[in-house]
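Participant: Need coordinates for the following:
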Amino acid sequence: MKRTWLKRVNPERRASELERCFGDLAEYVRWLPCCICGDFAEPCHVKTRRMGGAWRQLPDGTEVGNIAPMCRKHHDEQGSVGIATFQERHRVDLEDIAREVGERFKAGEEPTFLSVPW
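Facilitator: Numbering: from 1, shown residues only. Model prediction:
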């Protein structure tokens, strides 16, 4: 019988990768409502994690948020149908929502269910 070896994980590298991909912005997003239904949210990357993590850099060098608040149901739907179809189906622009969330985070606004425009 052939043995399969498990890949070793460097805990420091894993921790720094999670920090880059989620970080404080993701913790902020957990306090916001879902941008579709208003239920409790989890962080959802608009562009994939490998494309920039929690922050995305625009061509002019500006850093904008890359995480939108979505409940588990809508996060799973977005992952299964794709971003373009999801945005069309729900008539939302996830990049705009992620950008606004990032701006509010950078401005130091407290996350609250009552002050969201969606």
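Participant: tell me which strands and helices the longest helix seen in the chain is in contact with?
Facilitator: In the chain, assigned by DSSP state H, the helix with the most residues is helix 94-107. Secondary-structure packing of helix 94-107 (3 or more Cβ pairs under 8 Å, 6 or more residues apart in numbering; DSSP states H and E): helix 23-29, strand 63-65, strand 67-70, helix 83-90. Quick note: C-beta positions are derived from backbone N, CA and C, even for glycine.
Participant: deepest of the ones you listed, which one?
Facilitator: Most buried of these, by mean neighbour count (mean count of other Cβ atoms under 10 Å): strand 67-70, with a mean of 30.
Participant: In terms of secondary structure, what does that one contact?
Facilitator: Judged by 3+ Cβ pairs under 8 Å, 6+ apart, strand 67-70 is in contact with helix 23-29, strand 42-45, helix 94-107.
Participant: buried residues in the helix or strand just after it?
Facilitator: Downstream of strand 67-70, the next assigned helix or strand under DSSP states H and E is helix 72-81. Within helix 72-81, the residues that count as buried by 16 or more other Cβ atoms under 10 Å are 74-75, 77-78.
Participant: circling back: now the helices and strands packed on helix 94-107 in TSV, with distance to Phe40 and mean pLDDT?
Facilitator: Below are the helices and strands packed on helix 94-107 laid out as TSV (distance: least, Cβ to Cβ, whole Å; pLDDT from 0 to 100):
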stretch	distance to Phe40	mean pLDDT
helix 23-29	11	85
strand 63-65	19	79
strand 67-70	9	92
helix 83-90	18	94
